[in-house]
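Asks: this one's sequence-less:
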Ligand code: ADP
Ligand code: ASP
Ligand code: MG
């Protein structure tokens, strides 16, 4: 008998009909002789709607209450899913993250899982039940408060539960047939990847490919757990996230995909004195506010001014906190102004093969140039090139790069299907 963990995302449980379909799929897995634990996200766009609602009350809601509100979304879907399974004659029990033993750090809105004590889940499964766990949420022992794991965090709940239960299989069910060479909502001829290595999936997820939450991939790699990404709307094969770059054969594609990200903003600190220690002051203060910085650009001062501008990108959700934090040290540093740009987009090309293939950057920048895209920031890793551009240019940029590297399928019948979701 195998222990299977399945995670169903928001579009897979968007309405009562979908919840019933998913319940049937779960029951089929149980009938096939497996033990089953399920992690479920909030229905459809519920989380976005709750965020909109809170922001109508106050522009920057207080973390504790915001998390209390958002975790309600998963509580609704877990109970409805358990009811749907029960009505099929199988026994299911639903658990909040806290009841399921998902223990996290105390920071609201982006807590990290530190431990999982899945005793209640194990007992429930041992009694023959299907255990349903609310994704995206946990409990901080330090503050005794409910926390959330960041947008898309149900994937990470699933991996953490699978690791804690020593599951044989961890399946991530979503609204497309797997991980593609680009977001199929932007690139209809994107190609499904049969397998993708952990390193590549980490870079894709870190670059905004929201098919998997970044920390779920980190967690799975640490625990040696393969992830099977597939659609809850079809029975197609999906994508296996497995193995490392060392295992790749020479025939492996040089590039695995293009990712894009619209969730970041750019902050520029204007007229920073060009002397040692200023960047340390800026980024230490942001780190103390628990803000993760993505790209950073700084030039040496020109024209003998002794001053320079420092620009960086960060999640939009941290934008206002970053501005407030920097304003507090404005007099210490002596910069003249802060600029805030929320119309940026980031595009990244990812592939294990680019380490050993010259010319990838040249082809990448030529593609963007031919498409008339102006780049504002550039950063690279061993297996990734990223650029920041105007958000209005982003879709064109993704398609131009995807075409230039011939990543798509040629037969339109092989194109990607987007079964559900609003892409919000
Ligand atoms: P879920 O609600 O199931 O967690 P998400 O909306 O979080 O689903 O993630 C699935 C979506 O990720 C897809 O509908 C697709 O638009 C988007 N996506 C972005 N990049 C990729 C990619 N490389 N491959 C597949 N889907 C991608
Ligand atoms: N419901 C949460 C979100 O929309 C978590 C998730 O779906 O993974 O971000
Ligand atoms: Mg998701």
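Replies: It's in. Small disclaimer: the values here were computed from a predicted structure and weren't measured. Ligands and ions are numbered 1, 2, ... in the order given.

Asks: and the end-to-end length of stretch 295-306?
Replies: 23 Å (CA to CA, to the nearest Å).

Asks: try stretch 379-388
Replies: So stretch 379-388: terminal residues 9 Å apart, CA to CA.

Asks: can you pull the contacts of residue 420?
Replies: 11-12, 14, 18, 175, 233 (CB atoms under 8 Å, 6 or more residues apart in numbering). (Each C-beta comes from the backbone N, C-alpha and C, glycine too.)

Asks: element containing it, please.
Replies: Using DSSP states H and E, residue 420 falls within no helix or strand.

Asks: and the residue nearest to residue 35 when sequence neighbours are not counted, its phi and psi?
Replies: Of all residues not flanking residue 35 in the chain, residue 3 sits nearest, at 4.6 Å (CB to CB, 6 or more residues apart in numbering). Backbone dihedrals for residue 3, given as degrees, to the nearest 10, come out at phi -110, psi 120.

Asks: got it, and the one 10 residues further on?
Replies: According to degrees, to the nearest 10, the main-chain angles of residue 13 amount to phi -130, psi 40.

Asks: what's the neighbour count on it?
Replies: By the criterion of other CB atoms under 10 Å, residue 13 has 29 neighbours.

Asks: got it, and residue 155?
Replies: 31.

Asks: and the gap between it and ligand 2?
Replies: Computed as CB to the nearest ligand atom, to the nearest Å, the residue 155 to ligand 2 distance reads 6 Å.

Asks: going forward, count from 23.
Replies: Understood, numbering begins at 23; the last thing we discussed is residue 177.

Asks: I'd say that residue and residue 29 touch.
Replies: Yes: Residue 177 lies in contact with residue 29 (CB atoms under 8 Å); the separation is 6.3 Å.

Asks: so for residue 122, what pLDDT did the model give?
Replies: Residue 122 is assigned 98 on the pLDDT scale.

Asks: I meant to write residue 151 there.
Replies: Reading off the model, residue 151 has pLDDT 98.

Asks: my guess is it contacts residue 108. True?
Replies: No: counting by CB under 8 Å, residue 151 does not reach residue 108; the two are 9.8 Å apart.

Asks: how far away is the residue in the stretch 323-446 of the chain that ligand 3 sits nearest to from ligand 2?
Replies: Using CB to the ion, the single residue of the stretch 323-446 of the chain nearest to ligand 3 is residue 443, 9.3 Å away. Residue 443 sits 10 Å away from ligand 2, taking CB to the nearest ligand atom as the criterion.

Asks: give me the neighbour count for that residue.
Replies: Residue 443: 17 neighbours (other CB under 10 Å).

Asks: quick one: the helices in the stretch 23-172 of the chain?
Replies: Using DSSP state H, counting those that start in this stretch, the helices of the stretch 23-172 of the chain run over residues 38-53, 68-79, 85-109, 141-148.

Asks: minimum distance to ligand 2: which of the ones you listed has it?
Replies: When these are compared by CB to the nearest ligand atom, helix 68-79 sits nearest ligand 2, at 3.4 Å.

Asks: now do the buried residues in that closest one.
Replies: The neighbour-count check on helix 68-79 (16 or more other CB atoms under 10 Å) flags 68-69, 72-73, 76 as buried.

Asks: tell me the mean pLDDT for stretch 406-416?
Replies: Rounded mean pLDDT across stretch 406-416 is 97.

Asks: can you pull the buried residues of it?
Replies: For stretch 406-416, using 16+ other CB under 10 Å, the buried residues are 406-411, 413, 415-416.

Asks: out of these, which are inside strands?
Replies: Per DSSP state E, strands hold the following members of the buried residues of stretch 406-416: 406-411.

Asks: adding distance to ligand 1, write these out as CSV.
Replies: As requested, those are exported to CSV (distance: CB to the nearest ligand atom, whole Å):
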residue, distance to ligand 1
406, 14
407, 16
408, 15
409, 17
410, 18
411, 18
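
Asks: quick check, nearest of those residues to residue 319?
Replies: residue 410 (8.9 Å; CB to CB).

Asks: now for that closest one: which residues touch it?
Replies: Contacts of residue 410 by CB under 8 Å, 6+ apart are 286, 288, 317, 335, 366-368, 397-400.

Asks: spit out the contact partners of the residue in the stretch 23-172 of the chain that ligand 3 sits nearest to.
Replies: Per CB to the ion, residue 31 is where the stretch 23-172 of the chain lies closest to ligand 3, at 4.8 Å. By CB under 8 Å, 6+ apart, the contact set of residue 31 is 63, 176-177, 194-197, 254, 443.

Asks: same check, this time on residue 25
Replies: Taking CB under 8 Å, 6+ apart, one finds 56-59, 147, 187-191 in contact with residue 25.

Asks: cutoff 6 Å now
Replies: Contacts for residue 25 were tallied using CB atoms under 6 Å, 6 or more residues apart in numbering; they are 57, 187, 189-190.

Asks: what's the burial count for the closest residue to residue 81 other than its chain neighbours?
Replies: Closest residue to residue 81 apart from its sequence neighbours, by CB to CB, 6+ apart: residue 342 at 7.9 Å. Neighbours of residue 342 under the rule other CB under 10 Å: 13.

Asks: residue 337 versus residue 132, what's the distance?
Replies: Distance, residue 132 to residue 337, by CB to CB, to the nearest Å: 9 Å.

Asks: and residue 123, by the same measure?
Replies: 28 Å.

Asks: do the same with residue 115
Replies: 35 Å.

Asks: with residue 187 instead?
Replies: For residue 187, the distance to residue 337 - CB to CB - is 31 Å.

Asks: what is the neighbour count of the residue in the chain that ligand 3 sits nearest to?
Replies: The chain approaches ligand 3 most closely through residue 174 (4.1 Å), counting by CB to the ion. When neighbours are counted by other CB under 10 Å, residue 174 registers 21.

Asks: would you double-check that it falls in a helix?
Replies: No: the assignment for residue 174, made by DSSP: H, G, I helix; E, B strand; the rest coil, is coil rather than a helix.

Asks: that one contacts residue 235, doesn't it?
Replies: Yes: with contacts counted by CB atoms under 6 Å, residue 174 reaches residue 235, the gap being 4.1 Å.

Asks: could you say what helices and strands the strand or helix carrying the residue nearest to residue 81 packs with?
Replies: Taking DSSP H and E as the definition, residue 342 sits inside helix 341-350. Counting contacts by 3 or more CB pairs under 6 Å, 6 or more residues apart in numbering; DSSP states H and E, helix 341-350 packs against helix 300-310.
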